[in-house]
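> quick one, what's the 3D model for this:
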Amino acid sequence: MEEAPIAWLQSTVLAAGAVGCLAHGLIGSRGTLGWSLSAMGLFALALDERFMGHERLKEWIWLEIFDGDVRRLWIWGDLPILIDGSIALAAAVWIVRQTRSRAAAVFLAIAAGLGAVAVVMDLATTSLSVQMWEELIELAAESCFLAATLVSLPTPTGQ
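Down below sits the predicted model:
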């Protein structure tokens with residue numbers, strides 16, 4: 001389990017984003033399945049962040065498939081984080097189309113940019129100080145994603 005306070009905060013922000021997506025699905029009349037899938041994905045990412053899921057998967061790939069040979073591991077160990085980033089980008093585009101909110105689009109564009117920087121930093125180095133900054137940038141991206149879900153919440157029908 002990740003013991004760092006920032007990991008707890010990141011998992012909490014991700015879970016709050018999932019609740020925001022659920023609220024969109026319950027309140028809005030469009031894209032209920034998409035909002036539900038987005039919520040499930042964010043809850044999965046929150047658990048991954050809290051319990052170091054992608055780190056453990058990378059280690060398993062390294063040890064079980066590549067017998068601990070770092071040279072052979074190459075990009076395959078980082079594939080899960082690249083897939084997560086690609087899914088998050090697709091979700092952000094879908095959310096912009098669903099909400100048609102300019103504020104949500106701005107927050108999601110910032111989140112995508114910050115997320116891309118964090119992924120590059122994660123892949124480029126194992127330096128502890130760089131990893132600290134990478135985690136802070138991830139938190140900022142996740143916070144922007146949460147803000148996008150909140151600023152674009154529709155008002156309940158009949159209100």
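
> would you confirm that residue 61 contacts residue 76?
Yes - the pair residue 61 and residue 76 passes the contact test of CB atoms under 8 Å, sitting 6.0 Å apart. (Glycine included, C-beta is placed from N, CA and C.)

> compare these two (neighbour count), which wins?
The neighbour count for residue 61 versus residue 76, taken as other CB atoms under 10 Å, is higher for residue 61 (16 against 13).

> check contacts around the residue nearest to residue 45 when sequence neighbours are not counted.
Taking CB to CB, 6 or more residues apart in numbering as the measure, residue 45 lies nearest to residue 14, with 5.0 Å between them; neighbours along the chain are not counted. Residue 14 makes contact with 42, 43, 45, 46, 49, 142, according to CB atoms under 8 Å, 6 or more residues apart in numbering.

> same question for residue 136.
Taking CB under 8 Å, 6+ apart, we find residue 136 in contact with residue 6.

> tell me the secondary structure for it?
Three states are possible here, and by DSSP: H, G, I helix; E, B strand; the rest coil the one that applies to residue 136 is helix.

> any idea how far it lies from residue 112?
17 Å (CB to CB, to the nearest Å).

> before we move on, what about residue 42?
15 Å.

> of the two, which one has the most company?
The residue with more neighbours, out of residue 42 and residue 112 and counting by other CB under 10 Å, is residue 42; that gives 26 against 18.

> Three-state assignment for residue 67, please.
Classification of residue 67 using three-state DSSP returns coil.

> what is the burial count for it?
By other CB under 10 Å, 9 other residues sit near residue 67.

> dihedrals phi and psi, it?
The main-chain torsion angles of residue 67 are listed as degrees, to the nearest 10 and equal phi 50, psi 40.

> so where does the closest residue to residue 116 other than its chain neighbours fall, helix or strand?
Nearest in space to residue 116, with sequence neighbours left out and distances taken as CB to CB, 6+ apart, is residue 85 at 7.4 Å. With secondary structure defined by DSSP states H and E, residue 85 is part of helix 79-99.

> just residue 56 next, same as before
When elements are assigned from DSSP H and E, residue 56 belongs to helix 53-60.

> which strands and helices sit next to that helix?
Counting by 3 or more CB pairs under 8 Å, 6 or more residues apart in numbering; DSSP states H and E, the packing neighbours recorded for helix 53-60 are helix 79-99.

> show the average pLDDT along the helix it packs on.
Per-region confidence: helix 79-99 scores 86 on mean pLDDT.
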